[in-house]
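Chemist: Predicted model, plus sequence, below.
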Amino acid sequence: MLCEPFLTSRSETGWDIPLLVWRAERPLLAVGSAPLGGGIGVRGWVLNATVPMSYDRDDPAAHLAELADGLGLDGPGVGLLTGVDVTEVVRRADGGVRVWATVGLGTPVWAAAPEPAHAASGPAPHAASGPVRPAQHVGTVNIVAYVPVRLSEAALVNAVATATEAKAQAIWELGLPATGTPTDAVTVLCPAEGDPAAYGGPRSAWGAPLARAVHAAVRSGGTGTVVPWSDRRAG
């Protein structure tokens, strides 16, 4: 089981900066695209850390490892970064699946876009059916999901695709002509033991509630204007 995250902070550049920490009751099997602990493997914790919008470190994995060490997080884990104030995490649950998302949609992009040099001659993406909302300044959607049964490695990969599709659906429904932001990350965790479920697609037994929970979390988190934590801190 992945426990509810606890909120803490670290002192950095003269500021107390928030971060969220999840601990697993026992090591979990995880898959994801996080800077620290991405890929597939057994993980014991997850860290989602707010950073200022001026963040310019080129070693995010090392930075996250430093933060984890400062919190006494032992063994392999998952680390994510965001300009969003992680105190604004959105929680959703569906059919035993639990999802937490920090949602910043300030840099919305289509996943497939023409090369900049050929943008003028390339096909333009279709506009959303609803009015396009003004872009928010802060970007990055970080999704952490827990599925309560063991998934096969193939199903874990499929679950990442399912969560991403659900995120893109929510962003479309919010009126943004985009599939995400350039820095989005997703992590799906499940028990490391048990008879593995073979499928994680959006119509599978566990992919369906995962999709609904991710969709609900991203849609809720993206409804209002998200002010970057550092902008709010500066007043």
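Modeler: That came in fine, so what should we check first?
Chemist: Residue 104 is in what secondary structure piece?
Modeler: In the assignment (DSSP states H and E), residue 104 maps to strand 97-105.
Chemist: List the neighbouring strands of that strand plus their orientation.
Modeler: strand 90-94 (antiparallel), strand 139-146 (antiparallel) (DSSP bridges).
Chemist: Of all those strands, which one comes closest to residue 20?
Modeler: Closest approach to residue 20 among the strands paired with strand 97-105 is made by strand 139-146 (8.6 Å; CB to CB). Every residue, glycine included, has its C-beta placed from N, CA and C.
Chemist: Tell me which of the strands paired with strand 97-105 is the most buried.
Modeler: Ranked by mean neighbour count under mean count of other CB atoms under 10 Å, those are led by strand 139-146, which reaches a mean of 26.
Chemist: tell me the angle the strand ranked longest in the chain makes with strand 97-105.
Modeler: Longest strand in the chain by number of residues (criterion: DSSP state E): strand 15-32. Relative orientation of strand 15-32 and strand 97-105, computed by axes from the mean of the first three to the mean of the last three CA atoms, to 10 degrees: 130 degrees.
Chemist: Could you pull out the buried residues of strand 15-32?
Modeler: For strand 15-32, the neighbour count (16 or more other CB atoms under 10 Å) marks 17-22, 24, 27-32 as buried.
Chemist: tell me which strands and helices it is in contact with?
Modeler: Counting contacts by 3 or more CB pairs under 8 Å, 6 or more residues apart in numbering; DSSP states H and E, strand 15-32 is packed against strand 6-12, strand 39-50, strand 97-105, helix 153-173, strand 185-191, helix 229-233.
Chemist: Could you pull out the buried residues of the longest one?
Modeler: The reference is to helix 153-173. Residues of helix 153-173 classed as buried by neighbour count (16+ other CB under 10 Å): 155-156, 158-160, 162-172.
Chemist: helices and strands around that helix, which ones?
Modeler: Helix 153-173 sits against strand 15-32, strand 39-50, strand 139-146, strand 185-191, helix 207-221, with contacts defined as 3+ CB pairs under 8 Å, 6+ apart.
Chemist: roughly how far is the second one from the heart of the chain?
Modeler: So that's strand 39-50. Strand 39-50 sits 11 Å away from the centroid of its parent chain (CA atoms, centre = their mean, to the nearest Å).
Chemist: between it and helix 153-173, how many degrees?
Modeler: Using the same axes, to 10 degrees: strand 39-50 against helix 153-173 is 40 degrees.
Chemist: Same question for the third one.
Modeler: Angle of strand 139-146 versus helix 153-173, following the same axes, to 10 degrees, is 140 degrees.
Chemist: what is the mean pLDDT for strand 139-146?
Modeler: Here strand 139-146 scores 96 as its mean pLDDT.
Chemist: I'm done for today, thanks for sticking with me.
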